[in-house]
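In: Whatever this is, show me its structure:
(chains A and B)
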Amino acid sequence: MKKKTKIIISLILILVILAGVLWGRTYQPPSATYDMTRAQNEETADGETDREEERKAILDSIGSGTDAIGIINPNVTCFTELDSETICDAVETVQLMDDGYEIVLQEEAAPYFENLGSGDIFFLDGGADSPFGEPYFGKIVSVDQGNEIVIYAENPAMDEVFDDFQLEIEEYLLEENIREIRAFDGVSVEVGASLDDVDLNEDYLDPEGFLVTSETDDTAAASAMAYRQTAASDSGNSFVSEEASFLLNIDFDLGKYINDMEGYERIRENEDEETNLAIKGEVGLDRVQVRANADFGVSYDNFIKELSAGARADYVTNVAVGWKAETDFDKLDAKEARKIEFGDAVKISGLDNKLFPLVYIDILTGTTIQLVASGGNDNSTYKALTNIPVAGGIMVYSDISGNISLKTELFFKYRDEIDMGDFVFVRDGQLVMQTEDTGKTEEKDPEYDWGFLAEVQGDVDVNFLGVSALIFVANINVADIALAKVGAEAEGELSLEIGKGGADAEADGYLRIYLKILDIRMKLKASLKLLYFTFSPEFSLSYTLWDGTLYELGEKNSTYFDVGNMNAGQLAAYDKQYVYYKDQNGCLIRTEKNGTGKYTVSEDEFYMICGIDQSYIYQLRCTEEQGIYDVYRVAKDGAGSRLIISNVSWVLYNDSETLFYVPGDNRKQIRKLDRQSLNEQKFADFSENVELMEYQSDKDTYLVTGSKSGIAAFLGRGSEYYSVTQDGTVTELGGNLEIQDMNLRKEGEYTYRNEPVSSGYLRNSSASYYVMIEGGEAIKTDCLTGWMPTRKGMFTTLKNDQEGSSYPYKIVCYTNQTEPSYIVETESDQAFFTLVQDERGYWYYFDQNDSELFLYRLDENFSNKTLLKSFPRSEVNYNLTDCATVIIDNIIYFYTIPDGESSSMIYRYSIYQEAV
Amino acid sequence: MKKWIWIYMLAVSLISYKNVSYAVETEDAEFEGNRKLCVVISQSDLENYISGGRYSLEMLFRTCGFDWLNYRIYTSDRDTYAEISYEFDSFNDYVDKTEQLLGYEPLIVYFTENGIVYEESFPSVELMNWLFQELAEKELVSEYSAEDLFVIEDSRLYLFGEDHVSFENMDLRQEELPSIVEQLSIRTRKAADGKVERSINFSMAEEVWETRGKQYFEKNEEYAGLLLAVNTQNGQTDISCEMSAYSYREIANQTFVLLGVPDVLKQEQEWDGSGLQTHIREIIDFQKLMSEDCVAEIVYELSDREGEITVLSEAGEVEEDRISYQNMEPAWIEYSYPDLPQFQEVSIHTRVGGLLGRKERVIVFKIKKNLAENFHEDIKSILEERMIRGTVLNIYDEGEERNYEVCFSSYMDSQILEFTEQILGAVGTLQIENNGYFFDESTIQESIRAADFLNGYQKPENFRISYELPAGSIIQGGKESLETDLYENGRIDIRYRYFDWKIWAGAYGIIFVTFFYIKIVFGKYGKGNRKR
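Out: Numbering: from 1, shown residues only, chains lettered A, B, ... in the order given. The predicted structure follows:
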């Protein structure tokens, strides 16, 4: 190519490059607008549209004519058609148990349950003639396969069963749709009565004496039973299609059922005295409407769009309640009471446990829901199962929790149209938790009057009368709406006569008479994804629209734990003024700190003290299941005790307001209970069973240990460590704890760290202890059987290398030096666990050999060993391995906790009296 | 020759690398402690005004993202308590953390020359602003403000080795405020251009002024950067001061610093369903400043534009063109009137590239999200009309604010200026002299005058400009000089030095490419004498 050509090409190239650069530097693209605020909305709307279209397609594909749909999770085993018929035929008995049913089936049903185990859910289709009277969902707790199959199943929650669920209901309950009425004898139900018949001027309460009910005669009982059968099966009744009104005539003594109950003698305070729980009066309900809107998609990333519920009713009541009881109702097996009259009724509890359901009226609504099963390889094929009517129930009940010793009479008269709107938990994907007025109710003041005459001693919450509306899809409770509840919560000793107009009261305690309107509960198991954040139903979807106080007296007991002035050991605790301990008889005793003024706080058997605060001692009490406890709070003044948490594996920790514990049914979780409000909620989940929880003050976090099992434990990784912040955020620390991650504690003049392993009945165990010597170095301490940190130093025991000594062991003390200091020779390698120091500086410890148990005293500098007392092992035959000592204000408490079920105080020893 | 090139390039690279880092400011080591606030939310408020109740609170605390913030929520006597606490190890650390909680930069008077003087301008309850904003953003609360919803249970500041408790604004002054003012008059008006003007007049006996007042107020005057006019006649000293700002908050801050008493002055705008209402609320507690028989008067002069005034606080007298309050302690003024919407802030941010780089400018109009919903399409269409070719409008929500972010980039200053003038309806000048060849001084000078902003909208509360320089720039005057308040200063001048290694790398690249091009096209290989 010629040079000239090259030059020309080069120039053109340069010009093109320059033009390109110039164009690049001056070019501006067309303007554009990106409106993300609208895009977000459109995106959400698109997602919703897809979901709705998919639902519509499913409904079209199965030819359903209803909008309400429940697509059953593919993991739910569905028994339909011939399968369900075979199973229903094989059912021998269905029996109500605690929170569920025991279903006994003949052997031919075995193949259906071969592959089902604990936690699995099954659906059993069936009509009115089936064992459950309708389709049934069961979540298996246990299956026992033998000659006959015994299944224990509980009711699952909505989102455990349904992948996609949409139900919108707003229905008046109609007379013609009444399916069944169940009632205690002595409670009769009149359908179609006028509420004007209830006369609020009539007084059922006998001012001269305790409320006495009429003897329930056979006629009345027969009438109630007859009505029950009529409503359930007689289609010849001329019900009309209008809103149902009910008039309940109540005149019965619930006490007689309790007195006759199996095992009641166990809980009755006074064997000669029978519990009297009489209710007399009328309750009227008219134009009962139930409303609910639930719309969620588990398969749509757990997205929940709507969740709301409400109810209305014209409500009138004029009842008098008389109670004369000394009963620990927390011990009462309520299911027993229910079984007396309610037999195998599926729906008697609802979401909110009700101790004594007096009446349950089961009414079908006009709304039906299409149950759909999904299947195929990718669960994309759908099959219509059954189209069932949604049921709305009405329940009238009475409820008590706590230990009560009272004589009380209450009358309560109330007439109102109850409808303050729907309570919306979630609306359009956003957490709302607010009431929405339906705008259909004219506001008017309720007509009411009440009076209360009582002598109370206890710690109790008595819901005298509650009226609830329930919504069910099969046996799954969608919503539980208490229209009204009247009751009282009381703590301490009260003697009072009060009414709307005034009060004459003597009280050393707290009393609140309350009226709650629209107490709504809905329940979902999974975490719900809302538009903005995930909502954990661990918080419980419950709401009380109006918690009105009719009367309040005194102040609620403080539950503040003052760490500076209080301490709770295992069998002894103290506060600023008193010492509390378990005596040799197992009672909880209170004394002044000098040991005088002995007072029995509670005679109830307990296993261990697990907390103390300003007003209460907290106790672990054994249950029938080994290793599972109930937590009771016992008023320090002896006013009563109350069950506050049941089914607890272990109580881990108490801070100023909260009690942390491991639930018995999920040991990989820590839950916390607000001791004041008694609200409990999840604190944190872990991958291993929780063993121990300790507060790390230097980090303001909790150190939690979990126990490994199986191969990991075999290989030496017995513990897994977690750091948990105050808000429950868990950080895994792994199986080996670095020294800097261990608990740092300062005691007296030395500092130590330890590597905790687990809580024990008697002592917590640790893998190692380090003392920090001058210069900051951590020295690992030697030991034979464990460590016991005290303010003076950390005691442990070593082999005694002193030649010629008959004592095989010696106690040593680590402080801030490299080497431990020698304390004393002992015969037992457990003696150091019992070392305690009195206010004057003397040390005390127990030692033992094969024949005797010794109590020794040492000077402040561990010299001058003095034998104070010896006990023949034939009299006090406890192994020091199972024993511990605590000293409170110069009184030594020596006790034993040999296992997870028993504990006892061996010796209570005043050192002023005996030792000096 | 080749060796020289490589050594030169290596040296240039090393020099440019060295100048990338910034110096670290020295912090005050003595200023360390702990701040704690506990508020109580009544059960009825929790249930009625916070969707989700306690659950929502716990969720928001858990997801707040302040890993330095300790919190606790607990219930007692049916009320819910929310407690927060955080530690700080320097003044800057405290201000940074506090600012995150408040949502705005706190004004804190702090000097130790004549004993400890420490006072915060914000009421302690506003440390829960972040929570309230989160609640509002997630639409979990309506109608109420943080102050209405949260009642302080405990508020303390552990500083200088002592625990200080105050439920209002934290004031650690060791000496009592001088109760010396005999007459006090505070007059506030909003000028036609939207500027808030305040004049404060007070008087005292000449002797009192000379012995106590002069020292106190002149120190405050200096700190506030205001000018006090002092006039003494017949044994009486009259002191007056004028201040102005486009934001009520700024006026409150100046009042706070000058008088040394807490002043909470807020403007909030709300859509009442039919129109926009501006809501003014001021609580000023000047009790400690005044003598026993002091006469105090607070006057709000109203402009014609303000329309029908609704007075919400008690004890105010409404005349035709003013609201006046007399002798209230503390003074609480609250009124509302129909108004034009106001942006909270208009900010101009410019990223200056290297010698050959583009200049990217972003103008952000910030407005409350709840207001924006009513004016969204209007604001959007006005901005779209004003956009020149190459402009991008991004609209997005951030917290409880909606941002209208207008972006433009160009190599030419003239286009950047045209874009700015077009969007803001302003007149301005922009001159960027970029001399990054070898650490010569570069300058940026920009002024923006007479900005109209958007038609039908008030001037924004804040109007700021900021620049971002190429990495490795050495700024004369420190990083603070990169940002300024345009209301206050009207212009920004930045001087800096940097070395643009990219231009050198580019130049060398071109030389190499050219060299090889010539070698290939015109060199010996091009002649066909390739060796075989």
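
In: so how many other residues sit close to the residue of the stretch 251-400 of chain B found nearest chain A?
Out: With C-beta to the nearest C-beta, the shortest gap between the stretch 251-400 of chain B and chain A falls at B:Gly390, namely 2.8 Å. C-beta: built from backbone N, CA, C; applies to glycine. Counted by other C-beta atoms under 10 Å in any protein chain shown, the residues lying close to B:Gly390 total 18.

In: give me the number of residues near the spatially closest residue to A:Ser697 that is not a sequence neighbour?
Out: Sequence neighbours aside, A:Leu744 is the residue nearest to A:Ser697 in space, at 7.9 Å (criterion: C-beta to C-beta, 6 or more residues apart in numbering or on different chains). By other C-beta under 10 Å, the residues close to A:Leu744 number 17.

In: follow-up on the earlier one: distance check, the residue of the stretch 251-400 of chain B closest to chain A against B:Leu159.
Out: Going from B:Gly390 to B:Leu159 by C-beta to C-beta, to the nearest Å gives 52 Å.

In: Any idea which helix or strand in chain A has the lowest mean pLDDT?
Out: helix A:218-233 (a mean of 37; mean pLDDT, DSSP states H and E).

In: Pick out the residue of chain A closest to chain B.
Out: For chain A, C-beta to the nearest C-beta, closest residue to chain B: A:Gln28, 2.8 Å.

In: can you pull the contacts of that residue?
Out: B:Ile388, B:Arg389, B:Gly390, B:Ser410, B:Gln415 (C-beta atoms under 8 Å, 6 or more residues apart in numbering or on different chains).

In: Which members of those occur in helices, if any?
Out: If you go by DSSP state H, the contacts of A:Gln28 have B:Gln415 in helices.

In: Mark which of the contacts of A:Gln28 are buried, thanks.
Out: Listed as buried from the contacts of A:Gln28 are B:Gly390, B:Ser410, B:Gln415; burial here means 16 or more other C-beta atoms under 10 Å in any protein chain shown.

In: Would you mind measuring from the last one to B:Thr514?
Out: The one in question is B:Gln415. B:Gln415 sits 30 Å away from B:Thr514, going by C-beta to C-beta.

In: With the second one instead?
Out: Per C-beta to C-beta, B:Ser410 is found 28 Å from B:Thr514.

In: List the buried residues for the helix ranked longest in chain B?
Out: In chain B, with assignment by DSSP H, the single longest helix is helix B:501-522. Residues of helix B:501-522 classed as buried: B:Trp501, B:Lys502, B:Ile503, B:Trp504, B:Val521 (neighbour count, 16+ other C-beta under 10 Å).

In: right, and the second one touches B:Gly353 too?
Out: No. Because the distance of 9.0 Å does not satisfy C-beta atoms under 8 Å, B:Lys502 is recorded as not touching B:Gly353.

In: and stretch A:551-558, average pLDDT?
Out: Averaging pLDDT along stretch A:551-558 yields 76.

In: picking up where we left off before, so what's the backbone phi/psi at the residue nearest to A:Ser697?
Out: Dihedral pair for A:Leu744: phi -110, psi 120, per degrees, to the nearest 10.

In: I'd say it and A:Tyr750 touch.
Out: No. A:Leu744 is beyond contact range of A:Tyr750, at 11.8 Å (criterion: C-beta under 8 Å).

In: those strands in the stretch 201-350 of chain B, which residues are they?
Out: B:228-233, B:236-245, B:263-271, B:276-284, B:290-301, B:310-311, B:317-318, B:322-326, B:331-338, B:345-352 (DSSP state E, counting those that start in this stretch).

In: oh sorry, the question was meant for the stretch 451-600 of chain A
Out: Remark: strands assigned in the stretch 451-600 of chain A by DSSP E, counting those that start in this stretch are A:476-499, A:502-522, A:528-529, A:534-535, A:541-553, A:567-568, A:572-574, A:578-582, A:588-592, A:599-602.

In: got the domain boundaries for chain A?
Out: A:71-156, A:166-234+A:242-553, A:557-659 (automatic domain parsing).

In: Rebuild those domains as JSON lines, extending it with distance to chain B and mean neighbour count.
Out: What follows is those, written out as JSON lines (distance: least, C-beta to the nearest C-beta, whole Å; neighbours: other C-beta atoms under 10 Å in any protein chain shown):
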{"stretch": "domain A:71-156", "distance to chain B": "23", "mean neighbour count": "17"}
{"stretch": "domain A:166-234+A:242-553", "distance to chain B": "4", "mean neighbour count": "19"}
{"stretch": "domain A:557-659", "distance to chain B": "5", "mean neighbour count": "19"}
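
In: can you tell me how far the residue of chain A closest to chain B sits from B:Leu417?
Out: Distance from A:Gln28 to B:Leu417, by C-beta to C-beta: 14 Å.

In: and if you look at B:Asp285?
Out: 47 Å.

In: between those two, who's got more neighbours?
Out: Shown here are B:Asp285 and B:Leu417; by other C-beta under 10 Å, B:Leu417 has more neighbours (20 against 17).

In: any chance you could map the helices in chain B?
Out: B:2-18, B:43-49, B:53-62, B:91-102, B:129-137, B:146-149, B:206-208, B:214-224, B:248-259, B:369-386, B:413-424, B:486-489, B:501-522.

In: Dump the ones you listed into TSV; add distance to chain A and mean pLDDT as well.
Out: Formatted as TSV, those follow (distance: least, C-beta to the nearest C-beta, whole Å; pLDDT from 0 to 100):
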stretch	distance to chain A	mean pLDDT
helix B:2-18	23	39
helix B:43-49	8	66
helix B:53-62	5	72
helix B:91-102	17	86
helix B:129-137	8	80
helix B:146-149	15	65
helix B:206-208	50	87
helix B:214-224	37	78
helix B:248-259	26	82
helix B:369-386	6	88
helix B:413-424	8	90
helix B:486-489	25	82
helix B:501-522	5	83
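
In: picking that back up, my guess is the residue of the stretch 251-400 of chain B closest to chain A contacts A:Ala32, does it?
Out: No. With contact defined as C-beta under 8 Å, B:Gly390 does not count as touching A:Ala32 (9.5 Å).

In: Up against chain A, what does the stretch 151-300 of chain B have?
Out: Counting by C-beta under 8 Å from any C-beta of the partner chain, no residue of the stretch 151-300 of chain B lies close to chain A.

In: Look up which residues are beta-bridged to residue 189.
Out: I'll assume chain A. A:Val189 has these beta-bridge partners by DSSP bridges: A:Leu248.

In: not what I meant, chain B
Out: B:Glu197, B:Glu301.

In: same check, this time on A:Thr796
Out: A:Trp787, A:Val812.

In: can you check B:Gln277 too?
Out: With DSSP bridges as the criterion, B:Gln277 is bridged to B:Glu270, B:Pro338.

In: next one: A:Arg633
Out: Going by DSSP bridges, A:Arg633 is paired in beta bridges with A:Tyr618, A:Arg642.
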